[in-house]
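K.L.:
When you get a sec, could you give me coordinates for this:
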Amino acid sequence: MAQKPKVDPHVGRLGYLQALVTEFQETESQDAKQQVLANLANFAYDPSNYQYLRQLQVLDLFLDSLSEENETLVKFAIAGPLLLHLLDWVRLHVCEVDSLSADVLGSENPSKHESFWNLVTVLVLQGRLDEARQMLSKEADANPSCASMCRILGDLMRTMPILSPGNTQTLTELELKWQHWREECERHLQDSTFAASPRLEALCKIMLGDEATLLEHKELLSNWYHFLVTRLLYSNPTVKPIDLHFYAQSSLDMFLGGESSPEPLDNILMAAFEFDIHQVIKECREPRFAAQHSHGGFTAILNPSPRGPDDPILTSRGRHKHGI
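P.N.:
Just a heads-up that it's a prediction; the model follows:
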């Protein structure tokens, strides 16, 4: 029987993750390793953990586990970094939100700024709900007539269930809470709670993962993988790695809408979602991709570790295990 990780859940976020990493490194029990790695993979779904995961070099731990003979460890290792990288990539590609936030907050009356609602919407699309709530509080102060609606929507943002350190709930428990939370969001829509404010109503629909509403904001999503991440964040945050390719392909199809063809980078991402490293490398070598991304950031996604290509761990990880 698998043992529960011997970690005090009350040591704080960084301390909790540090204890998990230490236990993984020191334990001789394969069951304990599996449970710890599963926990770390779950925590990778919560953007608020990213700075700590990087600080503790958890990505290296995931990557090292890919060379394990234990297939369960490999499965959990795959589950952890994929969404982590994808969410980070989205934030890098939509980094103008921070300068936009500075412009809006630096204005004399932020809620009247012409880009105020674009900012709030992008924050929600990126899952930055604490920041979105702060912006809504400014709207409530400036516009008392919508204060009640802002408060209700802010409460929905605050109570959105997420996986986080210090919380020992299982995925099943999280999914149950998630379903109750979704039902509450749906009830407010059915009761026309936000009917007097189309913008707030649209935000609530985004938080329900409504695909039509998401696609109405394509100009703020900017690319299909941002659409994918937002769609997963608000419709299936506990998605299994084996299902990621299905969501990726359907998100690409919906976002392009038959108006354009996939780019070389899209093909590489699809291969990555299928965990087909050979196809990823093959696509990267295609002349069309090489010409567009000779100094691109995609290699940082394939190799997030500061280690060099001749590092023995990378060599054994990539060549011995996968025959590359």
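K.L.:
pretty sure residue 162 is in contact with residue 238, am I right?
P.N.:
No - Residue 162 lies out of contact with residue 238 (CB atoms under 8 Å); the separation is 10.4 Å. Every C-beta, even on glycine, is put in place using the N, C-alpha and C of the backbone.
K.L.:
Comparing these two, which shows the higher neighbour count?
P.N.:
residue 162 (18 against 15; other CB atoms under 10 Å).
K.L.:
Three-state assignment for the more buried one, please.
P.N.:
Secondary structure, DSSP: H, G, I helix; E, B strand; the rest coil: residue 162 is coil.
K.L.:
Tell me how far it lies from residue 234.
P.N.:
Residue 162 is 12 Å from residue 234, where distance means CB to CB, to the nearest Å.
K.L.:
Kindly report the same for residue 160.
P.N.:
9 Å.
K.L.:
Mind listing the shared neighbours of the two?
P.N.:
residue 207 (CB atoms under 8 Å, 6 or more residues apart in numbering).
K.L.:
More neighbours: these two, which one.
P.N.:
residue 234 (21 against 18).
K.L.:
Now do that one, the pLDDT please.
P.N.:
On the pLDDT scale, residue 234 is placed at 91.
K.L.:
which stretches of the protein have low pLDDT?
P.N.:
1-11, 45-48, 63, 66-67, 72-89, 91-95, 163-171, 287-324 (pLDDT under 70).
K.L.:
Which parts of the stretch 51-200 of the chain are helices?
P.N.:
With helices called from DSSP state H, counting those that start in this stretch, the stretch 51-200 of the chain shows them at 58-65, 71-93, 96-105, 116-125, 129-142, 147-158, 171-190, 198-207.
K.L.:
now for these, which one comes closest to residue 218?
P.N.:
Within these, the stretch nearest residue 218 is helix 116-125; the backing value is 10.7 Å (CB to CB).
K.L.:
correct me, but residue 228 touches residue 249?
P.N.:
No - look at residue 228 against residue 249 with CB under 8 Å: they stay out of range, at 9.6 Å.
K.L.:
Which one of the two is surrounded by more residues?
P.N.:
Counted by other CB under 10 Å, residue 228 and residue 249 do not tie: residue 228 has more neighbours, with 25 against 16.
K.L.:
mind saving the C-alpha coords of stretch 250-258 as PDB?
P.N.:
Below are the C-alpha coordinates for stretch 250-258, written out as PDB (Å, rounded to 0.1, in the frame of the first residue of the first chain):
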ATOM      1  CA  SER A 250      -9.800  20.700 -31.100                       C
ATOM      2  CA  SER A 251      -8.600  24.000 -29.800                       C
ATOM      3  CA  LEU A 252      -6.400  24.500 -32.900                       C
ATOM      4  CA  ASP A 253      -9.300  23.700 -35.200                       C
ATOM      5  CA  MET A 254     -11.700  26.000 -33.300                       C
ATOM      6  CA  PHE A 255      -9.300  28.900 -33.100                       C
ATOM      7  CA  LEU A 256      -8.300  28.700 -36.800                       C
ATOM      8  CA  GLY A 257     -11.900  28.100 -37.800                       C
ATOM      9  CA  GLY A 258     -10.900  26.900 -41.300                       C
END
